[in-house]
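>>> Sharing a model prediction with you, sequence too.
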Number of protein chains: 2
Amino acid sequence: MVTDRRAARHEATKLRILAAAWELAAEQGLAGISLRDLAARVDLRQPSLYSYFDSKLALYDAMFAQAYEQLLAAVEPLELTGSPEEQIRQMAYVFTRLAVADVPRAQLLFQRTLPGFEPSPESYALANRFLDRTRRHLAAAGFTRPEDLDLYTALMGGLVNQQMANDPGGTRWLDLVDEAIDMYLEHSVPKGGTL
Amino acid sequence: MVTDRRAARHEATKLRILAAAWELAAEQGLAGISLRDLAARVDLRQPSLYSYFDSKLALYDAMFAQAYEQLLAAVEPLELTGSPEEQIRQMAYVFTRLAVADVPRAQLLFQRTLPGFEPSPESYALANRFLDRTRRHLAAAGFTRPEDLDLYTALMGGLVNQQMANDPGGTRWLDLVDEAIDMYLEHSVPKGGTL
DNA sequence: GTCTATACATCGATAGAC
DNA sequence: GTCTATCGATGTATAGAC
């Protein structure tokens, strides 16, 4: 049907716009994306973007969703091997490398850097799918308390954030992932736990 | 001398502008500070601000320096007691509470959220003085490797960042500081270390 | 869907009078 | 130091031709 071809072309253009938006974010920062520059990159005029996104915040939301889809697509097909502990290590390794690989993406996903931006429920569901995956892996190794997950995300997020903020392009904090996971795995439930 | 009085008045106005800037940052976000709003808060016209700061980035740099001076003023007079390990715990407790208490301040100091902003060497020296203090406390407890400091900053920064991003105003990650410090202190140099 | 054209409010920054 | 006036840029949005 013709409408299918139309819809396909519409989706294709939307993807081109998103790709150009990531380019601009890498060059000018996430908040530095201008709709005029963005339109120029895909050979459109600025008002034409409104045929694809209702607003700039809607563009950010689409970027948020696309970014989590990228992460999920990279992580879900992985076949983790070895003990649950070893799988946690592999997961941490993959996640930190992925997170650091695209600074604006990490800012969009893991920080509250854009004034007024809140991911839509649909986009947030993707984020939760990603978090659930982590939760299941931790649980498989016996880390079943909610605090276990929170401590893990703080540790991984902290490494990623320090790497991006204080050694962009380097590996100073990435090199600590192994030791951080050692530390985390060695740590059992504290004496005054809730058991 | 008259020039002293002039300089004093100049400094006083500068401080009023900075105070208003922190107010605006709390309301509109760090990047949401507009020079017109800022000028209005101190009964000036927008161009008059340029008698005090060469640019908006220079204003951010002054805020960066002032924020680290606040942290140092709050932390340096502290008399930490107990074993070195206990002092590290107290330090972590104070730092995370201080960091979370002012979200825009934490964003300015610990994240790279402002496009184009780099702290000046003078401001960066303050940041280093703060970091040195942490380094000395860790060293007193035997954590003398550079990696020990990096892991510590990642852990504390991670807790602070997760608290601000995912539970603003709450204590979900702040409540994990004690356990995080337990985990850190329990962790000795890994088997395959550099010894 | 895409375009031209236009509007409106906002922004950081500068020139020049006083 | 402070002001008025102004600049070029921005984001948002609409009208209307094609």
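Here it is on my side, so go on.
>>> Run the chain-centre distance for the helix or strand harbouring residue A:139.
Here residue A:139 is covered by helix A:121-140, with elements defined by DSSP states H and E. Mean C-alpha position of helix A:121-140 versus that of the full chain (C-alpha atoms, centre = their mean, to the nearest Å) differs by 12 Å.
>>> and if you look at stretch A:115-123?
Taking C-alpha atoms, centre = their mean, the mean C-alpha location of stretch A:115-123 is offset from the chain mean by 14 Å.
>>> Next up, the contacts around residue A:90.
Listed by C-beta atoms under 8 Å, 6 or more residues apart in numbering or on different chains, the contact set of residue A:90 reads A:78, A:80-82. For the C-beta atoms, the positions are set from N, CA and C on the backbone; glycine is no exception.
>>> The next helix or strand along the chain from the helix holding residue A:139 and chain B, are they touching?
For helix A:121-140, the succeeding helix or strand toward the C-terminus, using DSSP H and E, is helix A:146-166. Yes - on the criterion C-beta under 8 Å from any C-beta of the partner chain, helix A:146-166 is in touch with chain B at A:147, A:150-151, A:153-159, A:161-162, A:164-165.
>>> helices and strands around helix A:146-166, which ones?
helix A:84-101, helix A:103-110, helix A:121-140, helix A:177-186, helix B:146-166, helix B:177-186 (3 or more C-beta pairs under 8 Å, 6 or more residues apart in numbering or on different chains; DSSP states H and E).
>>> rewinding a little: and the helix holding residue A:139, what's buried?
A:123, A:126-127, A:130, A:133-135, A:137-138 (16 or more other C-beta atoms under 10 Å in any protein chain shown).
>>> Can you name every helix or strand that the helix or strand of chain A with the lowest mean pLDDT contacts?
The weakest-scoring helix or strand in chain A, judged by mean pLDDT, DSSP states H and E, is helix A:2-28 (a mean of 91). Packing partners of helix A:2-28 (3+ C-beta pairs under 8 Å, 6+ apart): helix A:35-41, helix A:56-75, helix A:103-110.
>>> now with 7 Å?
Applying 3 or more C-beta pairs under 7 Å, 6 or more residues apart in numbering or on different chains; DSSP states H and E, one finds that helix A:2-28 contacts helix A:35-41, helix A:56-75.
>>> Quick check: buried residues in the last one?
For helix A:56-75, burial by neighbour count (16+ other C-beta under 10 Å) applies to A:56, A:59-68, A:71, A:75.
>>> re earlier: return the member of the contacts of residue A:90 nearest to DNA strand D.
Relative to DNA strand D, the closest of the contacts of residue A:90 is residue A:78; by C-beta to the nearest atom of the strand it sits at 37.0 Å.
>>> Grab the nearest non-local neighbour of the closest one.
Closest residue to residue A:78 apart from its sequence neighbours, by C-beta to C-beta, 6 or more residues apart in numbering or on different chains: residue A:94 at 6.7 Å.
>>> likewise residue A:80?
residue A:87 (4.0 Å).
>>> ok, the residue nearest to residue A:28 when sequence neighbours are not counted to residue A:33 distance?
Nearest residue to residue A:28, sequence neighbours excluded (C-beta to C-beta, 6+ apart): residue B:115, at 6.4 Å. To residue A:33, residue B:115 is 10 Å away according to C-beta to C-beta, to the nearest Å.
>>> again with residue A:12
20 Å.
>>> likewise residue A:49?
In terms of C-beta to C-beta, residue A:49 sits 11 Å off from residue A:33.
>>> re earlier: between residue B:115 and residue A:33, which has more neighbouring residues?
Per other C-beta atoms under 10 Å in any protein chain shown, whichever of residue B:115 and residue A:33 has more neighbours is residue A:33, with 21 against 14.
>>> Per-residue pLDDT of that one, please?
On pLDDT, residue A:33 comes in at 95.
>>> Name all residues that make contact with residue A:136.
By C-beta atoms under 7 Å, 6 or more residues apart in numbering or on different chains, the contact list for residue A:136 is empty.
>>> re the thing from before, how would you label the residue nearest to residue A:28: helix, strand or coil?
Three-state call for residue B:115 (DSSP: H, G, I helix; E, B strand; the rest coil): coil.
>>> Would you confirm that it contacts residue A:27?
No - using C-beta atoms under 7 Å, residue B:115 makes no contact with residue A:27, being 9.9 Å away.
>>> tell me which parts of chain A are close to DNA strand C?
Neighbours of DNA strand C within chain A, by C-beta under 7 Å from any atom of the strand: A:6, A:10, A:13, A:39, A:43-45, A:47-48, A:51-52.
>>> Recalculate using a threshold of 6 Å.
Chain A has residues A:10, A:13, A:44-45, A:47-48, A:51 near DNA strand C, with proximity defined as C-beta under 6 Å from any atom of the strand.
>>> now, which of those sits nearest chain B?
Of all the residues of chain A next to DNA strand C, residue A:44 has the smallest distance to chain B: 24.1 Å, by C-beta to the nearest C-beta.
>>> Can I get stretch A:137-146 in PDB, CA atoms only?
Output in PDB follows, covering the C-alpha atoms of stretch A:137-146 (Å, rounded to 0.1, in the frame of the first residue of the first chain):
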ATOM      1  CA  HIS A 137      21.700 -10.700  37.300                       C
ATOM      2  CA  LEU A 138      22.400  -9.400  40.800                       C
ATOM      3  CA  ALA A 139      19.700 -11.600  42.300                       C
ATOM      4  CA  ALA A 140      21.200 -14.600  40.600                       C
ATOM      5  CA  ALA A 141      24.400 -14.000  42.700                       C
ATOM      6  CA  GLY A 142      22.400 -13.600  45.900                       C
ATOM      7  CA  PHE A 143      22.200  -9.800  45.800                       C
ATOM      8  CA  THR A 144      18.400  -9.600  46.300                       C
ATOM      9  CA  ARG A 145      18.000  -6.600  48.600                       C
ATOM     10  CA  PRO A 146      16.800  -3.400  46.900                       C
END
